[in-house]
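Engineer: Requesting a structural model of the entry that follows:
(one chain, ligands or ions: 1)
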Amino acid sequence: MRKIVLPLFVAGALFGADVSHSHPHHWSYSGDTGPAHWGELDPEFFMCKEGKNQSPVDMNRFVKTKLKKLKATYSGNARTVVNNGHTIKVETMGRNEVVVDGIPFNLLQFHFHTPSENTIEGKHYPMEAHFVHKSKDGEVLVVALMFEEGERNSALDKVVADLSSKIGESRPLKEMFNPGDLYPRKLKYYRYNGSFTTPPCTEGVRWIVLKKPVTASKEQLIKMNKLMGDNNRPTQPLNARLILK
Ligand SMILES: [Zn+2]
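Structural biologist: Have a look, this model is predicted:
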């Protein structure tokens, strides 16, 4: 497992600029700075240890309900890409909106984990993408998309076309594309309440996990894992939660 020492500006930067300057402690996915220790690395990471509604989870305790149809109105673009040492992250621009609980959430960025972080009845997928949305009031909603091995994914090619394993700054994508191009046609989903899966592990995050995986080729999946390493936080206890389906 490679150990990555991160410059300060990327520590905790997964969820936007609001947390990127205040954490001098770097974190990783293994060893002394791995997930089991996140809660002790920085006082502000205490939720990683104390939280009762943490992500990811194994989805195994379901309650059947009538979930509203998920409507994604994506008319913007994927704009820049960066390997920040934790993940490959694509920043987006324009109006890419989902409405949940009557609240519009706009897409800020999406990024990848190999293997998947959330699991479905104990099953890991080889990759999971997180589409991180924010409401006007700062509430966070993540749409999680699973990848399985199969046909080559052309949208994914545009993400990694110009990307080296070098950890660095965002670069404009050579070819912009609509982030909705990654989604399956049918947006059936599971839903639960959770957290960021990276420090500071903030809770109150709405999780929408799409039931239908999309495909990526074996080569693409291997390449993503090579670029990022294994960057999945282990699943966290459900505690009092149920998964809506
Ligand atoms: Zn994530």
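Engineer: other SSEs contacting the helix or strand bottoming out on mean pLDDT in the chain?
Structural biologist: One helix or strand of the chain scores below all others by mean pLDDT, DSSP states H and E: strand 171-177, with a mean of 90. Contacts defined by 3 or more CB pairs under 8 Å, 6 or more residues apart in numbering; DSSP states H and E place strand 171-177 against strand 77-83, helix 154-160. Every C-beta, even on glycine, is put in place using the N, C-alpha and C of the backbone.
Engineer: and those, which is most packed in?
Structural biologist: strand 77-83 (a mean of 20; mean count of other CB atoms under 10 Å).
Engineer: which of the residues in stretch 218-227 are buried?
Structural biologist: Gln220, Leu221, Lys223, Met224, Asn225, Leu227 (16 or more other CB atoms under 10 Å).
Engineer: show me what contacts the first one?
Structural biologist: Residues touching Gln220, when contacts are defined by CB atoms under 8 Å, 6 or more residues apart in numbering, comprise Arg152, Asn153, Leu156, Asp157, Val160.
Engineer: Next, the angle strand 77-83 makes with the lengthiest helix in the chain.
Structural biologist: Longest helix of the chain, by residue count under DSSP state H: helix 218-228. Here helix 218-228 points in a direction 60 degrees away from that of strand 77-83 (axes from the mean of the first three to the mean of the last three CA atoms, to 10 degrees).
Engineer: which stretch of helix or strand covers the residue nearest to Gly194 when sequence neighbours are not counted?
Structural biologist: Residue nearest to Gly194 in three dimensions, not counting chain neighbours: Ser55, with 3.3 Å by CB to CB, 6 or more residues apart in numbering. Of the helices and strands defined by DSSP states H and E, none includes Ser55.
Engineer: isn't Ser55 right up against Ser195?
Structural biologist: Yes - shown here, Ser55 and Ser195 form a contact pair, counting by CB atoms under 8 Å, at 4.8 Å.
Engineer: quick check, Gly180 in a strand?
Structural biologist: No - checked against DSSP: H, G, I helix; E, B strand; the rest coil, Gly180 lies outside a strand; its state is helix.
Engineer: Count the residues that sit near it.
Structural biologist: Using other CB atoms under 10 Å, Gly180 has 17 neighbouring residues.
Engineer: what's the distance between the residue nearest to Gly194 and Thr198?
Structural biologist: Per CB to CB, to the nearest Å, Ser55 is found 10 Å from Thr198.
Engineer: Mutual contacts of those two, please.
Structural biologist: Arg233.
Engineer: more neighbours, the two?
Structural biologist: Ranked by neighbour count (other CB under 10 Å), Ser55 and Thr198 place Thr198 first, with 28 against 24.
Engineer: how much space is there between the more buried one and Glu117?
Structural biologist: 10 Å.
Engineer: can you list residues touching both of the two?
Structural biologist: Arg233.
Engineer: follow-up on the earlier one: tell me which of the helices and strands packed on strand 171-177 lies nearest to Gly204.
Structural biologist: Closest to Gly204 of the helices and strands packed on strand 171-177, according to CB to CB: strand 77-83, at 26.1 Å.
Engineer: what does the closest one rub up against?
Structural biologist: Taking CB under 8 Å, 6+ apart as the rule, strand 77-83 contacts 88-94, 110, 158-160, 162-173, 176-179, 227-228.
Engineer: Mind giving me the ChimeraX select for these, buried ones only?
Structural biologist: In ChimeraX, a selection of the buried entries from the contacts of strand 77-83 looks like this (16+ other CB under 10 Å):
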select :88,89,90,91,92,94,110,158,159,160,163,167,173,176,177,178,179,227,228
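Engineer: In this structure Trp207 contacts His133, no?
Structural biologist: No - with contact defined as CB under 8 Å, Trp207 does not reach His133; the gap is 11.2 Å.
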